[in-house]
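Undergrad: whatever this is, show me its structure:
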Amino acid sequence: MIFLITASARGEECAAALERATGERVGVVPTLRGGNLESASSPGLADGTRALVIDEAFLDLWPGAEDELLSLAGEAPPIFVNMAISGISRIAKNVRQALQRHDRQQLSAMLAAESMLRSELNGALTGILLNSQLALQTPALPERAAAKMQEVYGLALSLQARLQHREQPSLRKRSHAAAAAKSF
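TA: Here you go, the predicted model:
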């Protein structure tokens with residue numbers, strides 16, 4: 001859900017345009033009651049909020065509200081607009097572009113985290129495989145210990161194969177993400 005924070009009379013009209021442009025539900029928060037944002041906000045402002053579209057004129061009406069709004073938004077990106085000088089179609093376009101940019105950044109961060117984790121796991125697996133092979137070459141290794149070490153070696157190989165198999169879709173995601181970034 002997108003929240004449009006505005007006191008403008010065009011708030012509902014803008015919310016409808018945002019819904020059409022983004023395909024997301026849009027809720028309008030027109031005022032602060034008694035200076036308390038929580039009483040004015042829809043339930044669950046922080047939960048499931050895709051973005052906060054904040055009219056700059058609203059911030060002029062409620063000094064200090066920006067920090068409170070941003071803290072309630074959590075991970076949702078704030079998108080500042082000026083409804084006094086921008087047309088609704090331009091606002092909708094800017095919001096759609098900001099959401100797309102945020103999605104690309106999220107995908108990029110996720111792929112970077114996945115790559116880092118995969119690299120760390122591959123390093124640890126290489127160590128496990130090497131040490132398992134060395135342990136299996138130890139003369140006078142008890143048969144039972146050798147069987148357990150062989151099992152550890154097999155499990156590590158299996159995990160390594162799964163990591164390499166999952167790496168192929170990640171490479172496709174990266175190429176799709178790169179193509180999507182070029183199209184914007």
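Undergrad: need phi/psi at residue 107.
TA: phi -60, psi -40 (degrees, to the nearest 10).
Undergrad: give me the neighbour count for it.
TA: Neighbours of residue 107 under the rule other Cβ atoms under 10 Å: 16. All C-beta atoms are positioned from the backbone trio N, CA, C, and that covers glycine.
Undergrad: so for the protein, the centremost residue is which one?
TA: Nearest to the geometric centre of the chain sits residue 106, at 3.9 Å (Cα atoms, centre = their mean).
Undergrad: what's the domain layout of the chain?
TA: Following automatic domain parsing, one gets these domains for the chain: 2-86, 107-183.
Undergrad: now the last one: how far from the chain's centre is it?
TA: Per Cα atoms, centre = their mean, to the nearest Å, the displacement of domain 107-183 from the mean C-alpha position of its chain is 25 Å.
Undergrad: and if you look at the first one?
TA: Domain 2-86 sits 20 Å away from the centroid of its parent chain (Cα atoms, centre = their mean).
Undergrad: ok, now stretch 98-110?
TA: Distance, centroid of stretch 98-110 to centroid of chain: 7 Å (Cα atoms, centre = their mean).
Undergrad: show me the helices in the protein, by range?
TA: 11-22, 37-40, 56-61, 65-73, 88-136, 143-183 (DSSP state H).
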